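Novice: coordinates only, sequence not included:
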C-alpha cells in the first residue's frame with residue numbers, strides 16, 4: 001500500500017448521500033432532519049436512523065482499523 005492509497009482510505013468519509021442511501025430516503029430529507037429544531041424546514045429523522053448510523057459507523061471503524069493493522073504489519 002502506498003502513501004496515496006493509505007491517505008485516501010484515511011480521508012474517506014461518510015456523507016449525506018451514504019446515509020440517505022442506507023435509509024432509502026432523499027439527501028434533502030437528511031439535510032432537513034439535521035437542521036435546528038426551530039428551523040421551519042426541519043423534518044423528523046427517518047425511521048430506523050439509529051441502526052443505519054450504527055452500521056455506517058461500524059463499517060467506517062472496521063475500514064480504519066484494517067488500514068491501521070495493515071500499516072502496523074509493514
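Specialist: Structure received. Worth saying up front: this structure is predicted, and the values here are computed from it rather than measured. Numbers count the residues shown, from 1 in each chain.

Novice: ok, the nearest residue to residue 53 once chain neighbours are set aside - contacts?
Specialist: In this structure, residue 53 finds its nearest non-sequential neighbour in residue 19, 7.0 Å apart by C-beta to C-beta, 6 or more residues apart in numbering. In this view, the C-beta of every residue, glycine as well, is placed from N, C-alpha and C. Residues near residue 19 by C-beta atoms under 8 Å, 6 or more residues apart in numbering: 30, 49, 52-53, 56.

Novice: Also residue 10?
Specialist: 64, 67.

Novice: Which secondary structure element is home to it?
Specialist: Assigned by DSSP states H and E, residue 10 belongs to helix 3-11.

Novice: count of residues packed around residue 42?
Specialist: Close neighbours of residue 42, defined as other C-beta atoms under 10 Å, add up to 12.

Novice: Quick one: distance of the helix of greatest length in the chain to the chain centre.
Specialist: Assignment by DSSP state H gives helix 49-73 as the longest helix of the chain. Offset of helix 49-73 from its chain centre (C-alpha atoms, centre = their mean, to the nearest Å): 10 Å.

Novice: Same question for it: list its buried residues.
Specialist: 49, 52, 67 (16 or more other C-beta atoms under 10 Å).
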